[in-house]
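Chemist: Provide a 3D model corresponding to the input given below.
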Amino acid sequence: MRVAIVINTSWNIWNFRRSLVKALQDAGHEVLAIAPPDAYSERLETELGCRYVPILMENKGTNPVKDAQLTRRFYSIYRREKPDVVLQYTIKPNIYGTLAARLAGIPSVNNVSGLGTVFIVQNLVSKVALSLYRFAFRFPKRVFFQNDDDRQLFLQHGLVRPDITDLLPGSGVDTNRFRPAAEFVRHEPFTFLMIARVLYEKGVEEYFEAARLVREAMPGTRVQLLGGVDESGNIGVKRAVFEQWLQAGNIEYLGTSDNVAEHIQRADCVVLPSYREGTPKTLLEAAAMGKPIVTTDVPGCRETVVDGQNGLLCEVRSAADLARKMLQIQRLSAAELEAMGKAGRQLAEQKFDEQIVLDKYLRIVAAVAPRAR
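Modeler: As a prediction, the model looks like this:
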């Protein structure tokens, strides 16, 4: 069968859906990667063996005329490429791709991988988005959610029928690729690492302030940030502002990397003070590698931590509480840190192994694609 994976960036497919692509290919399916062009588009073909199909998509805009054109572009591609099923992620493919798939007579499977600012900020745009979700989500064969808070929110707002919903443990984590070091090491100086795009909703402003407080209490502590600067919309930190924050000297900015595991390995604790998530893959990778976690007690993030066992939960939007929890981790003995890491590894193996995700996708593809009937 021909299966299309549809996301708002080629980077997203490369970083988060590679294992799904391989699992579908191993099951004998042809995989189309449909996404806007970026630096990773060519790699989808040359290294993953997908057939890449570009689509023009403005990820942050809410212009109804442009969005109607996007629906037409999806429809044109779906009619031309004739996939047997489309697997869609992120808000615009989930809404406009679903409408196009319905018009083209192609079954769709959607994944709500996080609600972003639509539910964090209540305004006219969020009201429009809710209406669009309510209309479009009449048509998918299945809607996957990455945590039950998000699923319940959609059900409470009447955006989706309960019988077509299902839960996934995020994107899952490859527990063979992401493994603890053979020998536990507590680094000197102690090193915190945050992995996220430089967005306000990821809690990056709180992280900078917490870094200042931590380094005042424990001079010499390394506090690192790995992730790209994203100035789009009102949620991205402007580069000039970001550079000003960096000048304080409390954060070591690492830029971007294709080898996240290498950076996690060199850290003692992974931090994510996000306002809301689906289920953050970086925290799953940290847990699988035996690293304690500090993250916010919000939907998506709280699923990755059993408080006090494999990490600590902190208050959202509170740099002071974030700093307190970071210092609490830092003051643990090496044996206590190692025990936390082992608890995280066990959680990753039992609850978040990506094979759980892959098996659900393979089953739903076999069930809904026309040729399977």
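Chemist: where do the strands of this protein begin and end?
Modeler: 2-6, 30-35, 51-54, 85-89, 108-112, 142-145, 165-167, 191-195, 222-226, 252-253, 269-272, 293-296, 311-314 (DSSP state E).
Chemist: need those strands in TSV with mean pLDDT, can you?
Modeler: TSV is the format used below for the strands of the chain (pLDDT from 0 to 100):
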stretch	mean pLDDT
strand 2-6	98
strand 30-35	98
strand 51-54	98
strand 85-89	98
strand 108-112	97
strand 142-145	97
strand 165-167	97
strand 191-195	98
strand 222-226	98
strand 252-253	98
strand 269-272	98
strand 293-296	98
strand 311-314	98
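Chemist: any chance of these in a markdown table, plus distance to Arg79 and mean neighbour count?
Modeler: All C-beta spots, glycine's among them, are computed from the backbone N, C-alpha and C. Listed next are these as a markdown table, based on distance: least, C-beta to C-beta, whole Å; neighbours: other C-beta atoms under 10 Å:
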| stretch | distance to Arg79 | mean neighbour count |
| --- | --- | --- |
| strand 2-6 | 12 | 24 |
| strand 30-35 | 13 | 24 |
| strand 51-54 | 12 | 16 |
| strand 85-89 | 12 | 27 |
| strand 108-112 | 14 | 27 |
| strand 142-145 | 22 | 24 |
| strand 165-167 | 28 | 16 |
| strand 191-195 | 39 | 24 |
| strand 222-226 | 41 | 21 |
| strand 252-253 | 45 | 14 |
| strand 269-272 | 41 | 28 |
| strand 293-296 | 43 | 28 |
| strand 311-314 | 47 | 25 |
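Chemist: okay if I get those strands as JSON lines plus distance to Ala136?
Modeler: Compiled in JSON lines, those are given as follows (distance: least, C-beta to C-beta, whole Å):
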{"stretch": "strand 2-6", "distance to Ala136": "13"}
{"stretch": "strand 30-35", "distance to Ala136": "17"}
{"stretch": "strand 51-54", "distance to Ala136": "21"}
{"stretch": "strand 85-89", "distance to Ala136": "10"}
{"stretch": "strand 108-112", "distance to Ala136": "9"}
{"stretch": "strand 142-145", "distance to Ala136": "10"}
{"stretch": "strand 165-167", "distance to Ala136": "14"}
{"stretch": "strand 191-195", "distance to Ala136": "31"}
{"stretch": "strand 222-226", "distance to Ala136": "34"}
{"stretch": "strand 252-253", "distance to Ala136": "38"}
{"stretch": "strand 269-272", "distance to Ala136": "29"}
{"stretch": "strand 293-296", "distance to Ala136": "29"}
{"stretch": "strand 311-314", "distance to Ala136": "34"}
